[in-house]
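Chemist: Coordinates for the following, if possible.
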Amino acid sequence: MEIVDRAIFTCDDCGASAPSFGIEYDGLGYPVCPGCGTVVGPLDRHRAGGESVAAGRPQ
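Modeler: Got it, this is the predicted structure:
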């Protein structure tokens, strides 16, 4: 069994990956993608500037 001693953040929107210790977090503690600026929260996905990503996606 392989043991991984650090968490890796991977963005669902752009696919960027980075170690979790190198990720910035918003005011509520949700990660901000270093590649595209998407913030992932429990209710909605939005860009760091406030634009909703979920609203523009087809269902």
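Chemist: pLDDT below threshold where in this protein?
Modeler: Counting by pLDDT under 70, the chain contains low-confidence residues at 4-5, 43-59.
Chemist: Would you map the strands across it?
Modeler: In order along the chain, the chain carries the following strands (DSSP state E): 8-10, 17-19, 24-25, 31-32, 38-40, 45-47.
Chemist: Residue 2 is nearest to which of those strands?
Modeler: For residue 2, the closest of these is strand 8-10, at 13.2 Å, according to C-beta to C-beta. Where you see a C-beta, it was placed from the backbone N, CA and C, and this is true even at glycine.
Chemist: elements contacting that closest one?
Modeler: Contact partners of strand 8-10 among helices and strands, from 3 or more C-beta pairs under 8 Å, 6 or more residues apart in numbering; DSSP states H and E: strand 17-19.
Chemist: For the nearest residue to residue 13 once chain neighbours are set aside, the count of nearby residues, please.
Modeler: In space, residue 13 comes closest to residue 38 once its chain neighbours are excluded; the distance is 4.9 Å by C-beta to C-beta, 6 or more residues apart in numbering. Neighbour count of residue 38, defined by other C-beta atoms under 10 Å: 20.
Chemist: now swap in residue 30 and tell me
Modeler: Under the neighbour criterion other C-beta under 10 Å, residue 30 is assigned a count of 14.
Chemist: Can you tell me which of the strands of the chain is most buried?
Modeler: Between the strands of the chain, strand 38-40 has the highest mean count of neighbours, a mean of 19, where neighbours are mean count of other C-beta atoms under 10 Å.
Chemist: Check the gap between the residue nearest to residue 13 and residue 1 for me.
Modeler: 32 Å (C-beta to C-beta, to the nearest Å).
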